[in-house]
Structures are given as C-alpha cells and as structure tokens.
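Engineer: Sequence first, then the predicted structure, then my questions.
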Number of protein chains: 2
Amino acid sequence: MRIAVDAMGGDYAPEVAVAGAVLAQPDCPADIVLIGPENEIRSILDTRNPPSRLQVCHAQDFIGMDEAGPVAIRKKKDASISVAMRLLAAGEVDAVVSAGNSAAIVAAARHYVGLVHGLRRPALAVVLPMPQGSVLLADVGAHAEAVTEHLVQSAALVHAYLKTVTGVESPRLGMLNIGKERVKGTESTRRAYSLLERSRLNFVGNLEPHELFTGQADAVVCDGFVGNIVLKLHECWVGVWRRLLAKQQPLPGSADTAQGDLNPGAGRLESRWNCQDIGGAPLLGARKTVVVAHGCSRESAIANAVHVAVTALETGSIERVVNYLDTTPILSELKLYSARWVLDHWKNRWGGHKKPS
Amino acid sequence: MRIAVDAMGGDYAPEVAVAGAVLAQPDCPADIVLIGPENEIRSILDTRNPPSRLQVCHAQDFIGMDEAGPVAIRKKKDASISVAMRLLAAGEVDAVVSAGNSAAIVAAARHYVGLVHGLRRPALAVVLPMPQGSVLLADVGAHAEAVTEHLVQSAALVHAYLKTVTGVESPRLGMLNIGKERVKGTESTRRAYSLLERSRLNFVGNLEPHELFTGQADAVVCDGFVGNIVLKLHECWVGVWRRLLAKQQPLPGSADTAQGDLNPGAGRLESRWNCQDIGGAPLLGARKTVVVAHGCSRESAIANAVHVAVTALETGSIERVVNYLDTTPILSELKLYSARWVLDHWKNRWGGHKKPS
C-alpha cells in the first residue's frame, strides 16, 4: 500500500505537508510518497529525522491557492497534484492526499483518474458528528455551483456510500434548504426535489439547518458553496462558543478563563468537531481514493488525512462505491427522470397543460 | 403611530400572530392593527381579553407558506399581506410586521410600497451577536438566488444602514465566501468581488465563515440562500451545544442535565441568539418599514418583531436609508462599474486582450 502526499498543497506548504507525512509514517501501514520539488522536500526532511520508509517523488511545479483550478491543471502538467494523480492512475500509488487548491484537485482527479460511468462530477463528503449519531454532508466544496443534475447525483453518491460502506439498507437522504416546503429554495433545489421524490432513493424531503441535528436523515445534500460554509461554521463554533461562555461567566479560581479548560467535556467535543482532527474528506465518484484536506491544515490534519486514506483503502470504500454505481442503474434512472421532467416542463409550457410538480 | 400585523402569516397563524399582537400591545407606543379574516380574529381575541387599542382590519384571503410568493401576490389581491401593504402605501399604517411566506412579503412590499430608486430588489438584514461586537448579515432570505448585481446592491444597502443608523463613518464590508482568494466561490461572488473592490464602499474582501466571529467586518453580504442557512444555524447552535455538552459530562447532583440549566451564562447567551427573542428583520431597500419574522415565530417572537418595527420607526432608520440612497450616487455608480465590467469582459473575450480582473 502506497499513499502519495502532495507536498505543495495547503496554505503552509511545503513545510507543513512534509511535517504531516513525517508525523503520519510511523503509525501508517502504507508507505508515504511525498510529491514536490525534491531539493526543497529533502532540505525540510533533513531537519526532521524522517522515517526510512518515506519516499520523495520529484515534481517541478505547483498550483497556488489563488489559481483557477481547472485552467491550472490544463497548463501545469508537472504540478505536484498532476504528478500525484498520474501515479494514482498508473497504479503506482493507491491513494492521493492533498490540502491544496480543491478545484485543482478535483479537476486533476477527473482528468487523470476518471469518474464513475455516467457521473458529471464528484462530490466531497464529510461525516458531521451530531447529538443523534452523525450525518453525511455532500458536497462540501468539490464545486461551488450546482445545477439540479449535480444535486441529484450527489444524492446518488452518498446513497451508494452509506449503503455499501456503513451497510444501512435504505439510507434516508435529505436536501439542505431554507424551508421544508417543496417550493422553497433555488430553482435547482426545487427541480432536484421533484426528481429525488420520484427516484428509488429514500428521499425524506427538505431539511432546514436545525434539522441537521435531529437525526432525521443519514445524509444531506447541498451545493458545494453551502456545504463548505456549513462545514466551516460547524468546525469553528465549539471554539467560539467556549470563548463566548468564558466571557459571560468566568470560572471561580481561573485566572484566564478564555484560555483555561472551561469544561473537560468541551475539550473532547472541540476535538471531535475540529478540522485538524477530522483530517480530510474522500472524493466520492472518483474511481480511486483521493482525500482532500482543508487548505488551512496543520501537520496533525495532514497526518489524519493520511489515516482517512488508509481507512478508505483498508475498507475498500471507494472501490465499493464505484462497483455499486457501475452495477446499479441509479445514475441512468436519475438522468431519465431529469429528461422526462424537461419534456413535461416544455410540453406544459407550450401545450397549456398543468405545470409539472 | 400604527403598525399592521399580518394575522395570517406564519406556521401557527392565525392563533399565534393574534396572540403576539395581544402580548405586544400593552408596552407598545403604536396602535396595532391585525389584518386577516375578521370573524376568525375576533373569535381568537374573545378568548384573550384584548387591549382596547388593538384593531382589526378585514382581509378575506391569505397566502400559504407553500405557495410561490410573487405568483400568489399577483393572483390574491385580498390576501392579508397585500391588504397590509396597501394600507402601508396609503399611509394608513406606518409599518407592517409579518411572519408569513417571505417571498410573498417581499413581492408585496415591492409591488405596493416600492423600492429605493435604482434598486433591483430589497434585502433582509439581521444583526448577529458575536464575541467581538456584532455583524450585520444580508441578505438572509429575501430572495434565494442572487446574481452579481444583487450582491453588490446588498452591500450598498448595508453600507447605507450602518452609515446612517449606527453612525459608523466608513463601515467595513465583507463578502461571505468559501475562501479568501478572489477566484474562490461562484461566478457571482467573483464578479461582485471585482465590482466592490472598485467601488467607494470600504470592501475588506472575502470572509470565510469563521471570520464572521473575528470582528473583521461590520457587515457581511451573501445570497439569501446562504444567509438564511447561516442565520438558522446561528440561532440553533447554542441549544445544540448545550445538549451536546450535557451528554458529554453530566453535572454532579443534577438528575436531568439535558434539561437542567448547565450554566447560567449559557441561558443568557441562548436568549441573545434565539430567533424568538430577536423577533424580525427589517427589509432594507423598501421605501417604508416592513419587518419580516421567521415562519416558526411563536407569540413572543411576533411581539418582539413589533418592537423591532417600533424601534425602526422611532429612529427613522428605514427613512434614513431611503434618503441616503436617493441622494448619493452609490447605486448608479455600482451599475456603471457593472456595465464597464461587462464591456471589458466582452472586449477581452473577442479582442484577445488580458482578462479583466
């Protein structure tokens, strides 16, 4: 088992990505390959007493966080993320981990590794810990914008993931929206509602934000912009709340309550919700294991993202999702419903019939 | 001073809206007029010992939460919200409060009351309490979708509000986005970034969700879908956090920690963040005072929304925003920048010049 880590990905690359790989290697059953400018990586490694299994693969170029991802992937064939994805496609590594420009990671995965047959684009899915169990949220940022087809395909992806990996027979899927009613939200969410309702997926309807916490659904879909905002709010709020609470009511005998441990339970919760401890999210829909970490990842987050990749490889989760979608007609059915909806829509528009629901 | 309350607005209408008006009237310097089916309202009032100043104005029809707002406003001329807005336009009441279908409220305000000259559409703005002061967030749900022009006009609205009402000389405006970099987000946010940067507004750039809490901006703009999600998460999270914390670490000597008051500070915070206590948000850009409350408002929320309207009338905040925007060329300047951007864009597209930033 070999895992490629994009040494040039993230706000603090290459130092932090390299340090993360050094941190991860001892407990990691896989060999880690750092991808990036060899001299630079070696000089960082020299200061850190690297494990002997850690390898380096040279890549001249890199893609910055402020570049337009898909354009950069077309232009920079020797960027670290492109090299990593080529190794993955060739089977020389089994997974790629990157905290780089997520649009570029997604574009590279699509271009070099490929997607499930019939899928328009992949989605990033994360498990959010909740008072009642947990909820899988997708997309959390693979793409900022989503039309109807992307939303319903994300639903198919999380369905496949929950069914094959967690073994839930008929996972309950919701759509994050600003109201329960089917007319609420954007045109994309309204159309997606109609399509999901007709599909074989167990669609429980629109969920408002507070319903994320009530255990009404096993997974929730939304566009990548909204999902990313929800994820990031989710990650920061425990820390913010602790600071707020500390301000409101200083603990007796504590000199610095804002810094002090207000409550041992709060510390445990904070780590459960913290992006540095969660690590990264697998890219659902790609044909091989790609784990995307936050741009702001510190070395522990990179190390945890490597562990996410190891778990995905050990459980074969990405392979299972790909097999499931390749062998069930779920994506093609959704396309059929979509085509029917468009036909109905135009027939009613020009024929004066009842508007399709 | 007279305030119309839409008796048929909200998930629990008419009972809760009527009860809210009864609750609000004693402390309220304005006379409250309940708009809705007279018989139904009178029969609810009969059970409640209503204050004598409370009036009723008959409206036959109403618009449900599951109707498409703008369509319903065109069709139902006698819906309670339409009647209320006509009274407001005619000067027979000074403000309208409704917890009804927000798309319908916005459409009615626009149709009967009118908008600031040059404004494409209004925005709902709420003040979110934060560890460092507070931040004004707009739009939180007047419209679910937003193109570039709507985003920059929302920025002009919150600028006008902060400048004229809170007296901040040059309010710092941010845009909620999934990354700091200008290329991040949707096409609308990328274009809005370019326009806001060139404008006379004090634009501080993109803000990620956790930066809402750091006091980097006085106001933050986003589309109504995202704003509504952020607002609703914001409102529910203190309660969720308390439940989580209670689960993690039972308080010694407390039989039912999930219900018990874990921390007196938490209770105070929860009420500061709770939608029932915040009441409602003023519709910025409408020419008169319109306050929109959550659909899930209980009677205390309706009463608090009436107080929001009273405060707005007493401080003349909506009037000041309208005057400011009518007398400064801020909206027309933004239109000019937008037109220039489009011209540049097409010139570069066809002329092969450098892409506009």
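Structural biologist: Cool, the structure landed.

Engineer: Just give me the neighbour total for A:Glu149.
Structural biologist: Counted with other Cβ atoms under 10 Å in any protein chain shown, residues neighbouring A:Glu149 total 19. In short, each C-beta sits where N, CA and C put it, glycine included.

Engineer: May I have the phi/psi pair for it?
Structural biologist: Main-chain dihedrals, A:Glu149, degrees, to the nearest 10: phi -60, psi -40.

Engineer: then stretch A:63-77 to PDB, C-alphas only?
Structural biologist: Coordinates of each C-alpha in stretch A:63-77 appear next as PDB, following Å, rounded to 0.1, in the frame of the first residue of the first chain:
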ATOM      1  CA  ILE A  63      -0.700  25.100  -8.200                       C
ATOM      2  CA  GLY A  64      -1.300  28.000  -5.800                       C
ATOM      3  CA  MET A  65      -4.500  28.500  -3.700                       C
ATOM      4  CA  ASP A  66      -5.400  31.600  -5.800                       C
ATOM      5  CA  GLU A  67      -5.300  30.000  -9.200                       C
ATOM      6  CA  ALA A  68      -8.300  28.800 -11.200                       C
ATOM      7  CA  GLY A  69      -8.100  25.100 -10.700                       C
ATOM      8  CA  PRO A  70      -9.200  23.500 -14.000                       C
ATOM      9  CA  VAL A  71      -7.200  26.100 -16.000                       C
ATOM     10  CA  ALA A  72      -4.100  25.500 -13.900                       C
ATOM     11  CA  ILE A  73      -4.400  21.700 -14.400                       C
ATOM     12  CA  ARG A  74      -4.500  22.100 -18.100                       C
ATOM     13  CA  LYS A  75      -1.500  24.300 -18.200                       C
ATOM     14  CA  LYS A  76       0.800  22.800 -15.500                       C
ATOM     15  CA  LYS A  77       1.400  19.200 -16.400                       C
END
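
Engineer: can you list contacts of it?
Structural biologist: Contacts with stretch A:63-77, where a contact means Cβ atoms under 8 Å, 6 or more residues apart in numbering or on different chains, come from A:8, A:11, A:61-62, A:79-82, A:100-108, A:111, A:295, B:179, B:181-183.

Engineer: what about whichever residue of the stretch 1-150 of chain A sits closest to chain B, which SS state?
Structural biologist: Closest approach of the stretch 1-150 of chain A to chain B (Cβ to the nearest Cβ) occurs at A:Asp66, with a separation of 4.1 Å. With DSSP: H, G, I helix; E, B strand; the rest coil as the basis, A:Asp66 sits in coil.

Engineer: Quick check on it: phi, psi?
Structural biologist: phi -100, psi 10.

Engineer: Quick one: end-to-end length of stretch A:284-295, please.
Structural biologist: 19 Å (Cα to Cα, to the nearest Å).

Engineer: pLDDT of that stretch, averaged?
Structural biologist: The average of the pLDDT scores along stretch A:284-295 is 95.

Engineer: quick check, that stretch touching chain B?
Structural biologist: Yes: residues of stretch A:284-295 are located near chain B by Cβ under 8 Å from any Cβ of the partner chain, namely A:Gly295.

Engineer: Tell me, how many residues neighbour the residue of the stretch 1-150 of chain A closest to chain B?
Structural biologist: Every residue meeting other Cβ under 10 Å relative to A:Asp66 is counted, giving 12.

Engineer: repeat for A:Ala160
Structural biologist: Neighbourhood size, A:Ala160 [other Cβ under 10 Å]: 24.

Engineer: For A:Arg49, which three-state class applies?
Structural biologist: Quick fix: residue A:49 reads Asn, not Arg. Assignment for A:Asn49 (three-state DSSP): coil.

Engineer: Contacts only, for the closest residue in space to A:Gly69 that isn't next to it in sequence.
Structural biologist: In space, and not counting its chain neighbours, A:Gly69 is closest to A:Ala103: 2.7 Å by Cβ to Cβ, 6 or more residues apart in numbering or on different chains. Shown in contact with A:Ala103 (Cβ under 8 Å, 6+ apart): A:68-70, A:143.

Engineer: Could I get the pLDDT score of A:Ala258?
Structural biologist: pLDDT, A:Ala258: 38.

Engineer: can I assume A:Ala21 sits in a helix?
Structural biologist: Yes: using three-state DSSP, the secondary structure at A:Ala21 is a helix.

Engineer: so it makes contact with A:Ile32?
Structural biologist: Yes: counting by Cβ atoms under 8 Å, A:Ile32 is a contact partner of A:Ala21 at 4.9 Å.
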